[in-house]
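Chemist: Sequence and predicted structure, then a few things I'm wondering about:
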Amino acid sequence: MHGRRAFLKLLASLPAWPAGAALAVPEFAAVIPGRPLVFPRDHGAHPEFRTEWWYATGWLALPDGRPLGFQSTFFRIRTGLGEDNPSAFAPRQLLVAHAALADPALGQLRHDQRSARSGLGRAGFSEERTQVWIGDWRFEQEGNNYRTAVRAADFAYALELRPDGPPLLNGAGGFSQKAPDPRHASYYYSRPQLAVAGTVTLAGRQQAVSGRAWLDHEWSSELLPAGAQGWDWIGINLDDGGALMAFRLRQTDGTALWAAATFRPAGGAVQVLAPESISFTPLRRWRSPRTDIDYPVEWQVRIADRSFQLRPLFDDQELDSRRSTGAVYWEGAVRLSEAGREIGRGYLEMTGYGEAIRV
């Protein structure tokens with residue numbers, strides 16, 4: 001469910017529009033039920049919509065077997081500014097990227113972020129296939145595979161991600177409702193069970209890694225409904241080859257405003273679960289020493305008649321993106337267990353535990 005970011009602070013940092021200049025009110029494209037997703041076109045960008053994101057997360061193993069988590073995220077934002085301005089400098093489309101490695105040896109995230117206006121060769125995207133970049137940070141398709149490359153001050157990675165099958169459509173054929181009012185919806189598909197191979201550089205040392213990842217691609221135009229505080233989301237690659245996506249949108253009192261889940265059993269038909277079939281119950285909390293935000297880091301997740309437990313690779317996987325999107329959130333590697341036995345690994349995202357998300 002990603003796309004869900006506090007873009008207001010980013011937009012506020014843009015230069016003021018000239019006094020007296022006319023501001024065109026944009027008409028963002030609507031998410032319409034029944035509109036089929038068409039590939040490969042829908043792997044590319046959809047600049048007529050307000051927000052869009054390509055969101056890859058996963059587990060990696062170093063040569064000695066030690067685990068790492070990774071995140072590679074690119075956001076595209078149609079600002080509604082300068083749409084009638086022919087200048088290449090007009091901030092019509094913004095790009096934001098977050099990159100992180102979850103390293104248990106460090107005990108917290110290594111992370112970095114970038115933002116830029118699209119155009120002038122510095123940053124951009126393709127509408128024909130997945131291809132988005134800011135400088136030398138990239139996430140793109142080559143054939144049916146994906147490549148992501150990031151170089152930050154204290155880490156780098158270059159990874160290839162290979163799908164095991166067609167996209168997994170969330171919701172009703174890719175129409176993913178986010179609230180009781182279906183106007184609050186996105187187009188949303190996932191690529192679970194991505195086989196990963198490549199390199200990670202830590203402390204100047206490049207090492208080969210392999211693992212498994214999850215990709216979300218989502219685009220929408222509606223803001224979150226009134227009363228929404230944040231959300232909890234999981235994308236889990238099951239050890240038997242299956243996949244589970246689930247999220248809930250929380251109200252200010254912590255109760256669920258909406259929930260959804262997509263379960264693809266190994267070798268079976270995709271199941272789309274109703275909101276009443278899903279619950280998230282906190283089991284243990286952790287308080288950030290930097291922001292004083294209190295996060296539930298262990299969960300019981302109920303999907304239909306099954307009960308799962310989520311446990312983090314380590315507690316401190318808080319990502320502070322106030323230099324780009326303005327949000328502070330928890331995005332981390334987790335293990336999924338059932339009846340005390342680990343059955344999968346993936347990522348948990350939690351937002352709105354500090355300030356409410358304004359997206």
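Modeler: That came in fine, so what should we check first? Bear in mind that the values here come from a model prediction, so they are computed numbers and not experimental data. Numbers count the residues shown, from 1 in each chain.
Chemist: Phe314 - nearest residue in space that isn't next to it in sequence?
Modeler: What sits nearest to Phe314 in space, not counting adjacent residues and going by CB to CB, 6 or more residues apart in numbering, is Pro104, at 5.2 Å. Yep, even glycine has a C-beta here, placed from its N, CA and C like the rest.
Chemist: likewise Gly58?
Modeler: Nearest non-adjacent residue to Gly58, counting by CB to CB, 6+ apart: Ala213, 2.8 Å away.
Chemist: now swap in Arg306 and tell me
Modeler: Excluding its sequence neighbours, the residue lying closest to Arg306 (CB to CB, 6+ apart) is Glu338, at 6.7 Å.
Chemist: where's the one you found relative to Asp239, distance?
Modeler: 11 Å (CB to CB, to the nearest Å).
Chemist: mind listing the helices for the protein?
Modeler: Per DSSP state H, the chain carries helices over the ranges 8-12.
Chemist: in it, which strand has the most residues?
Modeler: strand 185-202 (DSSP state E).
Chemist: in its sheet, what does that one sit against?
Modeler: Using DSSP bridges, strand 185-202 pairs in its sheet with strand 155-162 (antiparallel), strand 168-169 (antiparallel), strand 175-177 (antiparallel), strand 205-220 (antiparallel).
Chemist: can you give me the mean pLDDT across it?
Modeler: Mean per-residue pLDDT for strand 185-202: 98.
Chemist: repeat for stretch 318-334
Modeler: Taken as a whole, stretch 318-334 has a mean pLDDT of 79.
Chemist: What number of residues are in the vicinity of Ala116?
Modeler: Ala116 has 20 neighbouring residues, counting by other CB atoms under 10 Å.
Chemist: what do you get for the one 4 residues further on?
Modeler: In terms of burial, Leu120 registers 10 neighbours under the definition other CB under 10 Å.
Chemist: hang on, the residue nearest to Phe314 packs against Asp315?
Modeler: No. Pro104 is beyond contact range of Asp315, at 10.5 Å (criterion: CB atoms under 8 Å).
Chemist: Quickly list what's touching both of those two.
Modeler: The contact sets of Pro104 and Asp315 do not overlap (CB atoms under 8 Å, 6 or more residues apart in numbering).
Chemist: Looking at those two, which one has more neighbours?
Modeler: Ranked by neighbour count (other CB under 10 Å), Pro104 and Asp315 place Asp315 first, with 19 against 13.
Chemist: In contact with Glu140, which residues are there?
Modeler: So Glu140 contacts Ser126, Arg129, Thr130, Gln131, Val132, Trp133, Tyr146, Arg147, Thr148 (CB under 8 Å, 6+ apart).
Chemist: What is the burial count for His111?
Modeler: Neighbours around His111, by other CB under 10 Å: 20.
Chemist: Likewise for Leu95?
Modeler: Number of residues near Leu95 (other CB under 10 Å) recorded here: 25.
Chemist: ok, it to Phe139 distance?
Modeler: On the measure of CB to CB, Leu95 and Phe139 end up 11 Å apart.
Chemist: tell me, what's touching those two both at once?
Modeler: By CB under 8 Å, 6+ apart, the residues touching both Leu95 and Phe139 are Phe74, Val132, Trp133.
Chemist: that older thread, go ahead and confirm the residue nearest to Gly58 touches Leu161.
Modeler: Yes. The criterion here is CB under 8 Å, and Ala213 meets it with Leu161 at 5.4 Å.
Chemist: higher neighbour count, these two?
Modeler: Ala213 (29 against 24).
Chemist: That one: what's it in contact with?
Modeler: By CB under 8 Å, 6+ apart, the contact set of Ala213 is Ala56, Thr57, Gly58, Trp59, Phe70, Leu159, Leu161, Leu194, Val196, Asn237.
Chemist: Next, format these as JSON lines and append distance to Ala185.
Modeler: Below are those laid out as JSON lines (distance: CB to CB, whole Å):
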{"residue": "Ala56", "distance to Ala185": "23"}
{"residue": "Thr57", "distance to Ala185": "23"}
{"residue": "Gly58", "distance to Ala185": "27"}
{"residue": "Trp59", "distance to Ala185": "30"}
{"residue": "Phe70", "distance to Ala185": "29"}
{"residue": "Leu159", "distance to Ala185": "31"}
{"residue": "Leu161", "distance to Ala185": "27"}
{"residue": "Leu194", "distance to Ala185": "25"}
{"residue": "Val196", "distance to Ala185": "30"}
{"residue": "Asn237", "distance to Ala185": "25"}
